[in-house]
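Novice: when you get a sec, could you give me coordinates for this:
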Amino acid sequence: MKYVDFKKFTDENGAQPVYLFEGEETYFRDGGAALLLKRFVSDKSLDYSAFDGAALKNDKSAFTAACASYPFLSEKRFVKISEWYPSEKDYEAYLKPIAENPSPAVIVAIFNSAKTKAGAARLSSKKGITVVDCAKSDEQTIVKWIYITLKRAGVASDGATCGRLAEYCIYDMSRIAKETEKLIAYCEATGNAALSDAIVDEIVYPDSQYKIYELSNALAARNAEKFERIAAELFTKGFDETSLLSSLNSYFRNLYETSRATGSEKEIAAALGMNEYAVKKTRRQASEMGREKVFSSYEYLYSTLGKIKCGMLTPQAAFKEAKAKLLLSGGENV
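Specialist: Next up, the predicted model:
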């Protein structure tokens, strides 16, 4: 199941004997552990044990003892293992008995950042193990998470507004969680029963990468007023002329590389270290701007940064010149 469905699943089905939380999204893995602890463990000092998977290679006696113990003051004893990729032999000896003949008093939860590793058992296919997908999320999953979280707090919203929040946070779950919590508190304090775009704009400052995306769109549209407004905002957030030109250069390079990449959005995301939605959006933007315009803008910005480094232009003069040329040409023949 996807992580966004985990709480509902737990509400409806109660504790399962063995969980596998796998995927690179740390926020989801940590959230899974926190939910199980809150729901089933009253006293962590007595009824909670944590193990590192690498340490289990040499000594599994403490792990075995923890799995065989009963809780003292809690509903369940919680045994957590981080980054454990057991071989088939170890799975058969230590985990299979727990999964197929579970103790009603113990929860065993494995938290792995990778799906599997060479030589390791495929735990996700084993009987008796409840798998929670903690992979980097796509747009739909993140928007659904925001919507459900707001709804549970009594705040109404729609997909477009949730998507706006996700975009502002460039789909980073850690920041999204913090901003969602802040928005819920704001709505409660002000008596707003619904979250609107206006509230998101007032409370959530868009991530600098999102601002660079807006800045590049302003250049492509030759919208000088919008460009000046966004650049002024970024200057108040720690950017200077050189860092802003460097960020634009990196952004246009990424646009160009994504536009040239072949394969599915999932494959490109893995190759470039992006999430799938970012690839989708970047591809769309590159297509709208045109690959030649994207490349010429990147080439010009790269050359301008070189002039700053060798002293041919001051950062202020370089930024003024780049702004004039890019806005005038829209990125074409610069």
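
Novice: which SSE is Thr161 in?
Specialist: helix 159-168 (DSSP states H and E).

Novice: ditto for Tyr251
Specialist: Using DSSP H and E, Tyr251 sits within helix 241-260.

Novice: what's the first helix or strand after that helix?
Specialist: Downstream of helix 241-260, the next assigned helix or strand under DSSP H and E is helix 265-272.

Novice: so after that next one, what's the next helix or strand?
Specialist: helix 276-289.

Novice: what inclination does that following helix have with respect to helix 159-168?
Specialist: Going by axes from the mean of the first three to the mean of the last three C-alpha atoms, to 10 degrees, helix 276-289 is angled at 90 degrees with respect to helix 159-168.

Novice: just the buried residues of helix 276-289, please?
Specialist: Within helix 276-289, the residues that qualify as buried are 276-283, 285-286, 289, counting by 16 or more other C-beta atoms under 10 Å. Yep, even glycine has a C-beta here, placed from its N, CA and C like the rest.

Novice: same thing with stretch 159-167?
Specialist: Buried residues in stretch 159-167, counted by 16+ other C-beta under 10 Å: 161-167.

Novice: which of those residues lies closest to Leu95?
Specialist: Lowest distance from Leu95 to those (C-beta to C-beta) belongs to Ala166, with 36.3 Å.

Novice: so which elements touch the worst-scoring helix or strand of the chain on mean pLDDT?
Specialist: Of all helical and strand segments in the chain, the minimum by mean pLDDT, DSSP states H and E falls on helix 265-272, at a mean of 77. Here helix 265-272 touches helix 241-260, helix 276-289, going by 3 or more C-beta pairs under 8 Å, 6 or more residues apart in numbering; DSSP states H and E.

Novice: and that helix, C-alpha only, in CSV?
Specialist: Output in CSV follows, covering the C-alpha atoms of helix 265-272 (Å, rounded to 0.1, in the frame of the first residue of the first chain):
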residue,chain,number,x,y,z
GLU,A,265,9.4,10.0,-16.7
LYS,A,266,10.1,7.5,-14.0
GLU,A,267,13.4,6.4,-15.8
ILE,A,268,14.5,10.0,-16.3
ALA,A,269,13.7,10.9,-12.7
ALA,A,270,15.9,8.1,-11.5
ALA,A,271,18.7,9.1,-13.8
LEU,A,272,18.7,12.8,-13.0
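
Novice: residues in contact with that helix?
Specialist: Applying C-beta atoms under 8 Å, 6 or more residues apart in numbering, the external contacts of helix 265-272 come out as 136, 254, 257-258, 261, 263, 274-276, 278-280, 283.

Novice: any weak-confidence spans in the protein?
Specialist: 275, 277, 329-334 (pLDDT under 70).

Novice: now the strands for it?
Specialist: Secondary structure of the chain (DSSP state E): strands at 18-22, 48-52, 77-82, 106-112, 129-133.

Novice: these into CSV, with extra columns for distance to Leu123 and mean neighbour count?
Specialist: Below are the strands of the chain laid out as CSV (distance: least, C-beta to C-beta, whole Å; neighbours: other C-beta atoms under 10 Å):
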stretch, distance to Leu123, mean neighbour count
strand 18-22, 5, 23
strand 48-52, 15, 17
strand 77-82, 11, 22
strand 106-112, 7, 24
strand 129-133, 6, 20
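
Novice: need those in a markdown table with distance to Ile268, can you?
Specialist: Shown next, in a markdown table, are those (distance: least, C-beta to C-beta, whole Å):
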| stretch | distance to Ile268 |
| --- | --- |
| strand 18-22 | 22 |
| strand 48-52 | 34 |
| strand 77-82 | 30 |
| strand 106-112 | 24 |
| strand 129-133 | 20 |
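
Novice: those strands: which one's closest to Tyr147?
Specialist: Tyr147 sits nearest to strand 129-133 of all those, at 18.3 Å, using C-beta to C-beta.

Novice: packing partners for that closest one?
Specialist: In terms of contacts (3+ C-beta pairs under 8 Å, 6+ apart), strand 129-133 is packed against strand 18-22.

Novice: the strand it packs on relative to strand 77-82, how many degrees between them?
Specialist: 30 degrees.

Novice: list the contacts of strand 18-22.
Specialist: Strand 18-22 has contacts (C-beta under 8 Å, 6+ apart) with 3, 28-29, 32-33, 36, 95, 98-99, 102, 107-115, 123-124, 128-135.

Novice: sheet-wise, list the partners of that strand with their directions.
Specialist: Sheet pairing for strand 18-22, assigned by DSSP bridges, gives strand 106-112 (parallel), strand 129-133 (parallel).

Novice: nearest to Val79, of the helices and strands packed on helix 265-272?
Specialist: The minimum distance between Val79 and these falls on helix 276-289, with 33.7 Å, by C-beta to C-beta.

Novice: and the angle for the closest one with helix 241-260?
Specialist: Here the directions of helix 276-289 and helix 241-260 differ by 90 degrees (the same axes, to 10 degrees).
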